[in-house]
Structures are given as C-alpha cells and as structure tokens.
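Engineer: Just to be clear, the model below is a prediction. Sequence and coordinates:
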Amino acid sequence: MELLWSTKLALVMTVMILFTCINTDKVMGMTVCNMKQEGLDACKPAVSGSNPPPPTPYCCDSSKGADVNCFCKYKSSLALKAMGIDGNQATRLPGKCGLPPANC
C-alpha cells in the first residue's frame, strides 16, 4: 500500500512540475498581453526586487500597446516569480509610465 501511495505522489509531483514548465513557457513566449518579449525584457528590472529602478523609456514605450488588465491574471503566477518578477509591481508599472493603471 505504501508503494502505491508513493507512486501516486510521484505522479502528482511530476504533473505539477510539467504544468509549471508549460505555464513558464507561455509567459516567456514571444508576446504576452500584447507586449513583445523585448518589451518584457526591458521592463523586468523595473518590476524585480524589493527596490526596483524606475522603468526605462523603452520599457514605457513597449507598455503603451499592452493590455495592462491582462497582466492581472499573471499577478500571482509562479512563472513570474520563477523569473524574479514581482506580480504586484508589474501591475503598477503602467502607472509609473504615465499610462492608465491596471484594474485588478
């Protein structure tokens, strides 16, 4: 019985790891919430760490066409955390760029 339980646990853990990898791949894709990878990369310093620097002009330009409310669904994403991005800071980024804030 012990072997059956540990086999099920191993299977569940494997599925969870695969699911996390798939979600990470979606976030790291070419476009997320109408924002291209280059823009995401440019904005990462402004949404990472405990005291991030202000967003760069390139980051803010890249944010102009983004669907900022779309980022709300990633706010608690494990994929963002794995990339070192603070979801709360990410939803505040538009306001720092002088754009309408996300409504989460």
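Structural biologist: In hand now; what should we look at?
Engineer: Show me where this structure has its helices.
Structural biologist: Under the criterion DSSP state H, the chain contains helices at 2-27, 37-43, 57-63, 78-82, 87-96.
Engineer: now the third one: mean pLDDT?
Structural biologist: Going back to what we said before, that points to helix 57-63. Mean pLDDT, helix 57-63: 94.
Engineer: So what touches it?
Structural biologist: 35-36, 38-40, 42-43, 46, 55, 93-94, 96-99 (Cβ atoms under 8 Å, 6 or more residues apart in numbering). Every residue, glycine included, has its C-beta placed from N, CA and C.
Engineer: Could you rerun that using 10 Å?
Structural biologist: Helix 57-63 has contacts (Cβ atoms under 10 Å, 6 or more residues apart in numbering) with 33-47, 54-56, 71, 93-94, 96-99.
Engineer: now the most centrally placed residue in the chain: how far from residue 98?
Structural biologist: Centroid-nearest residue in the chain, with Cα atoms, centre = their mean: residue 80, separated by 3.4 Å. Relative to residue 98, residue 80 is positioned 23 Å away (Cβ to Cβ, to the nearest Å).
Engineer: again, but for residue 37
Structural biologist: 23 Å.
Engineer: Tell me which of those two has more neighbours.
Structural biologist: More neighbours surround residue 37 than the other of residue 37 and residue 98, with 13 against 10 (other Cβ atoms under 10 Å).
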